[in-house]
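**Q** This is a predicted model, with the sequence first.
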Amino acid sequence: MLRLINCRNATVLLDQRPDRALPWGPRASLWLHLRYCPYCNRYAKQTVLMAEWARAAAASRASSGGALSEAAKERMRARLAPTGA
Amino acid sequence: MNPSIPIPAQWPDRYGDELFRFALSRVSDTDAAEELVQETFLSALDGLATFRAEASERTWLFVILRRKIIDHYRRQARTNQVSLDELSDGGAMDADFFNSENGHWTGAQAPASWLNADAALEQQELHEIIRRCQQRLPAQQEAVFVMRFVEELSAEEICQELGLTASNYWVIVHRAKLQLRRCLEKHGLGKN
């Protein structure tokens, strides 16, 4: 049944969308809500963007700058060296 | 190329920097990232017998590191766990964002347009802001957010790792997204 929902419920459903297929009722209610609510329309796009940016930020950090300190490497080499050699 | 036999003492020099950068892109500080790399090497050493020569040593170490990162977030989420009562009683937290009478956005919290977000900020700056905002999330929310959207684990896997029910998981994801969005706007997104 088509039910009017508020912004709180709409945003909950928007955040569930990547993880589960919404049943027909909530899906239709969300569709209707998004037809008239500009704020939830923005949220719908922003919630996707935030996930993309978080992934991109991590990928960019993983490929740029920073190195393991020489002291840390030395410590690790010592722990990894064969014993009794 | 001859299939290499792993020489553990060479790992820090051959793979240390790359593994460290990857770890540092997932956790907040240098010490934690170093610790994760060390744990990765020690676990690899213990599991040397399971290494298959036809596999890439580098790929194998990254698989172990990713597992260590998930363990790190599991520990973080469990030591800073929000009680189930607090999760089911979303009222206080939701009142920050939604009108308690009608459930619609409160004026100040209603999402602003991010139409110019990419143009207004340098990519590097945007990445730095999102990282800082992510770190300001409560530990459990940060753990769930990173596991889902950076490590790209499924909701089921996260629930299993963190001992959450599906409905608690969705409450946590929703709150993390609401808070992250607000933090991003505070730091310059959506200012027209």
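**A** Right, received. Where do you want to start?

**Q** What residues does B:Phe41 make contact with?
**A** A:Met76, A:Arg79, A:Leu80, B:Pro8, B:Trp11, B:Pro12, B:Leu61 (Cβ atoms under 8 Å, 6 or more residues apart in numbering or on different chains). Every C-beta, even on glycine, is put in place using the N, C-alpha and C of the backbone.

**Q** Could you find the closest non-adjacent residue to it?
**A** In this structure, B:Phe41 finds its nearest non-sequential neighbour in B:Trp11, 5.3 Å apart by Cβ to Cβ, 6 or more residues apart in numbering or on different chains.

**Q** in the chain, which residue is closest to the centre?
**A** Using chain A. A:Ala51 (3.5 Å; Cα atoms, centre = their mean).

**Q** oops, chain B please
**A** By Cα atoms, centre = their mean, chain B has its centre lying nearest to B:Val146, at 2.0 Å.

**Q** From A:Ala21, how far out is that one?
**A** 24 Å (Cβ to Cβ, to the nearest Å).

**Q** B:Leu137 too?
**A** For B:Leu137 relative to A:Ala21 (Cβ to Cβ), the value is 27 Å.

**Q** between these two, who's got more neighbours?
**A** Neighbours were counted for B:Leu137 and for A:Ala21 using other Cβ atoms under 10 Å in any protein chain shown; B:Leu137 has more, 20 against 8.

**Q** For that one, give me the backbone phi and psi.
**A** phi -70, psi 150 (degrees, to the nearest 10).

**Q** just to revisit the earlier point, might one say that the residue nearest to the centre of chain B is in contact with B:Ser25?
**A** No: counting by Cβ atoms under 8 Å, B:Val146 does not reach B:Ser25; the two are 10.2 Å apart.

**Q** about what we covered before: which of the helices or strands spans the residue nearest to the centre of chain A?
**A** A:Ala51 belongs to helix A:38-62 when assigned by DSSP states H and E.

**Q** Can you list the buried residues in whichever helix or strand comes after that helix?
**A** Using DSSP H and E, the helix or strand that follows helix A:38-62 in sequence is helix A:70-80. With burial defined by 16 or more other Cβ atoms under 10 Å in any protein chain shown, the residues of helix A:70-80 counted as buried are A:Ala72, A:Lys73, A:Met76, A:Arg77, A:Leu80.

**Q** For the residues you listed, could you give me a markdown table that also reports distance to chain B and pLDDT?
**A** Formatted as a markdown table, those follow (distance: Cβ to the nearest Cβ, whole Å; pLDDT from 0 to 100):
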| residue | distance to chain B | pLDDT |
| --- | --- | --- |
| A:Ala72 | 5 | 93 |
| A:Lys73 | 4 | 93 |
| A:Met76 | 4 | 93 |
| A:Arg77 | 5 | 92 |
| A:Leu80 | 4 | 89 |
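
**Q** Now do the same contact list for A:Lys73.
**A** Applying Cβ under 8 Å, 6+ apart, the residues contacting A:Lys73 are B:Pro12, B:Asp13, B:Gly16.

**Q** what helix or strand does the second one sit in?
**A** Of the helices and strands defined by DSSP H and E, B:Asp13 is found in helix B:11-24.
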